[in-house]
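S.K.: the sequence isn't on hand, but the structure is:
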């Protein structure tokens, strides 16, 4: 049995490991390059700067007539392995560290003319440094010359000689150390890269597995991650998405169940009355017309339901466009109330309308008419025994407020935020026998949201309910 392990070279774990290790390699390579290949140049440059600084110090002391200049030179020569020489017109004024021995003079004096000529040939320069081989040792010598006085006793030159010891042995030592350090650094970088990549990728892999379960319809998954802030925020976002998906699924199932129920009743009535016409009342015009009237009413009810569902669907997908225009709310509301006169004549409803002479707004006339009609139908459905429905239009600041009120059983406070949901049913059992799609308030919410209008509901149990919305006032 062959088992094949697929390694993902694009995974976060591999990429983090690769980046971490690459960074360590680059840093080590840079250290090797700087310390091994530039060590000799750096050493010589540092020596030159140090000699220049010491020569400047001695030059200042000489020019100021410092009596302790000899002891200062001797001390510097002993501490720093320097050879100092001061001469004027070919006469040695000072040599240190061995002022009495002439042997070092003959060793270095061959360089004195070249140093003096280099200064003399360049009027803008009073010092020069040259690296040369003494021929007696396996190292070079740095020779530095500086003109420190050209007015007193002729020209006085200060010479500083210091050996430039070979750094090859130091480089060899550093190489051995760098090899050990490099191996240790790479091992540490490798281990840390694995640990950090696992720490970052583990919660992501766990969330990926939870996402697969969520995609399969399991809404009980929990995206938990105690990791970096970005991963924690991702987990919280996915938890919110899972909750919203669960709620959407519940609403979808409720919608299907409610629509099925709402369609089943009129379909049953249509079938029953159609059979009655066929079997019983086909030859009786009066009964037949009554039965046909029921069929027509139920067909209209189904048509309204389908129309309302289509409206809610379009608005939810933001595919509805508003046809905005200036119009007067007062005649629009009055016309809507007039359409309910049959309730006044046949069932004793009392519609009360309070409004100013005019209320000009800028909105979609048909959609706002639908809002007022739906709110009125809702109040008819849930009004109290007095069958009073009140429609008020009044000015509040720079807005016109439309209110539809009733004296019905009211709505519990904890249920108020949900009355705008599709097919939401309150705990109130008192519902007047009226037809409706169950989507009226949901459509109201969508229309008012499209208008960016304020809306709400105020209710008190046993006292009644008031639905309201506001539109910006428009001056003529």
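M.R.: Right, received. Where do you want to start? Note that the structure is a prediction, hence the values are computed from the model and not measured. Numbers count the residues shown, from 1 in each chain.
S.K.: next, the buried residues of the helix or strand harbouring residue 402.
M.R.: Residue 402 belongs to strand 399-406 when assigned by DSSP states H and E. Neighbour counts over strand 399-406 (16 or more other Cβ atoms under 10 Å) mark 399-406 as buried. No exception for glycine: its C-beta is placed from N, CA and C like everyone else's.
S.K.: likewise for stretch 350-357?
M.R.: Buried residues in stretch 350-357 (16+ other Cβ under 10 Å): 351, 355.
S.K.: what is the rounded mean pLDDT of that stretch?
M.R.: In this model, stretch 350-357 carries a mean pLDDT of 93.
S.K.: could I get the pLDDT score of residue 112?
M.R.: 81.
S.K.: check contacts around it.
M.R.: 85, 87, 145, 157, 159 (Cβ atoms under 8 Å, 6 or more residues apart in numbering).
S.K.: so which bits of the helix or strand containing it are buried?
M.R.: In the assignment (DSSP H and E), residue 112 maps to helix 112-120. Residues 112, 115-116, 119 are the ones in helix 112-120 that count as buried (16+ other Cβ under 10 Å).
S.K.: quick one: residue 441 and residue 405, what's the gap?
M.R.: As defined by Cβ to Cβ, to the nearest Å, residue 441 lies at a distance of 15 Å from residue 405.
S.K.: cool, and residue 162?
M.R.: Distance from residue 162 to residue 405, by Cβ to Cβ: 104 Å.
S.K.: mind listing the strands for this structure?
M.R.: Using DSSP state E, the strands of the chain run over 83-88, 91-96, 127-133, 140-149, 156-164, 324-328, 350-354, 360-364, 388-396, 399-406, 454-460, 464-472.
S.K.: got the angle between the longest one and strand 127-133?
M.R.: An angle of 160 degrees separates the directions of strand 140-149 and strand 127-133 when computed by axes from the mean of the first three to the mean of the last three Cα atoms, to 10 degrees.
S.K.: strand 140-149: how far from the chain's middle?
M.R.: Averaging C-alpha positions (Cα atoms, centre = their mean, to the nearest Å) puts strand 140-149 64 Å from its chain's average.
S.K.: quick one: list the elements packing against that strand.
M.R.: helix 39-63, helix 112-120, strand 127-133, strand 156-164 (3 or more Cβ pairs under 8 Å, 6 or more residues apart in numbering; DSSP states H and E).
S.K.: got a list of contacts for the first one?
M.R.: Okay, so that is helix 39-63. So helix 39-63 is in contact with 68-69, 72-73, 76, 80, 82, 84, 86, 127, 129, 131, 142, 144, 146, 148-149, 156, 158, 160, 162, 164, 167, 170-171, 174, going by Cβ under 8 Å, 6+ apart.
S.K.: wait, isn't residue 142 in contact with residue 131?
M.R.: Yes - counting by Cβ atoms under 8 Å, residue 142 touches residue 131, with 5.6 Å between them.
S.K.: so those two - more neighbours on which side?
M.R.: residue 142 (19 against 12; other Cβ atoms under 10 Å).
S.K.: how close does that one sit to residue 74?
M.R.: Taking Cβ to Cβ, one finds residue 142 at 20 Å from residue 74.
S.K.: now residue 207
M.R.: For residue 207, the distance to residue 74 - Cβ to Cβ - is 76 Å.
S.K.: more neighbours: these two, which one.
M.R.: Between residue 207 and residue 74, counted using other Cβ under 10 Å, the more crowded position is residue 207 (21 against 16).
S.K.: how far away is that one from residue 411?
M.R.: For residue 207 relative to residue 411 (Cβ to Cβ), the value is 40 Å.
S.K.: so which of the buried residues of helix 112-120 is the closest to residue 96?
M.R.: Relative to residue 96, the closest of the buried residues of helix 112-120 is residue 112; by Cβ to Cβ it sits at 15.9 Å.
S.K.: how about the nearest residue to residue 396 once chain neighbours are set aside, what does it touch?
M.R.: The shortest distance from residue 396 to any residue other than its chain neighbours is 6.8 Å, reached at residue 470 (Cβ to Cβ, 6 or more residues apart in numbering). Counting by Cβ under 8 Å, 6+ apart, residue 470 touches 396, 399-402, 453-455.
S.K.: and if we set it to 10 Å?
M.R.: 361, 396-403, 448, 451, 453-456 (Cβ atoms under 10 Å, 6 or more residues apart in numbering).
S.K.: the residue minimising distance to the centre of the chain and residue 203, how far apart?
M.R.: The chain has residue 230 as the residue nearest its centroid, 8.3 Å off, counting by Cα atoms, centre = their mean. Going from residue 230 to residue 203 by Cβ to Cβ gives 11 Å.
S.K.: okay, and the common contacts of these two?
M.R.: With Cβ under 10 Å, 6+ apart as the test, residue 230 and residue 203 reach no residue in common.
S.K.: in this protein, which helix or strand is least confident?
M.R.: helix 103-108 (a mean of 57; mean pLDDT, DSSP states H and E).
S.K.: now stretch 382-398: mean pLDDT?
M.R.: 91.
S.K.: kindly report the same for stretch 454-465.
M.R.: Per-residue scores along stretch 454-465 average to 90.
S.K.: same deal with stretch 364-376?
M.R.: On average, stretch 364-376 scores 89.
S.K.: who are the contact partners of the residue nearest to residue 108 when sequence neighbours are not counted?
M.R.: Distance criterion Cβ to Cβ, 6+ apart; nearest residue to residue 108, sequence neighbours excluded, is residue 161 at 5.2 Å. Residues in contact with residue 161 (Cβ under 10 Å, 6+ apart) are 51, 77, 81-85, 104, 107-108, 111, 132, 134, 141-145.
S.K.: can you select the buried ones among those residues for me in PyMOL?
M.R.: Typed into PyMOL, the line below selects the buried ones among these, using 16+ other Cβ under 10 Å:
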select buried, resi 51+77+82+83+84+85+108+111+134+141+142+143+144+145
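S.K.: I'd guessed residue 350 sits against residue 380; true?
M.R.: No - using Cβ atoms under 10 Å, residue 350 is not in contact with residue 380; the gap is 11.1 Å.
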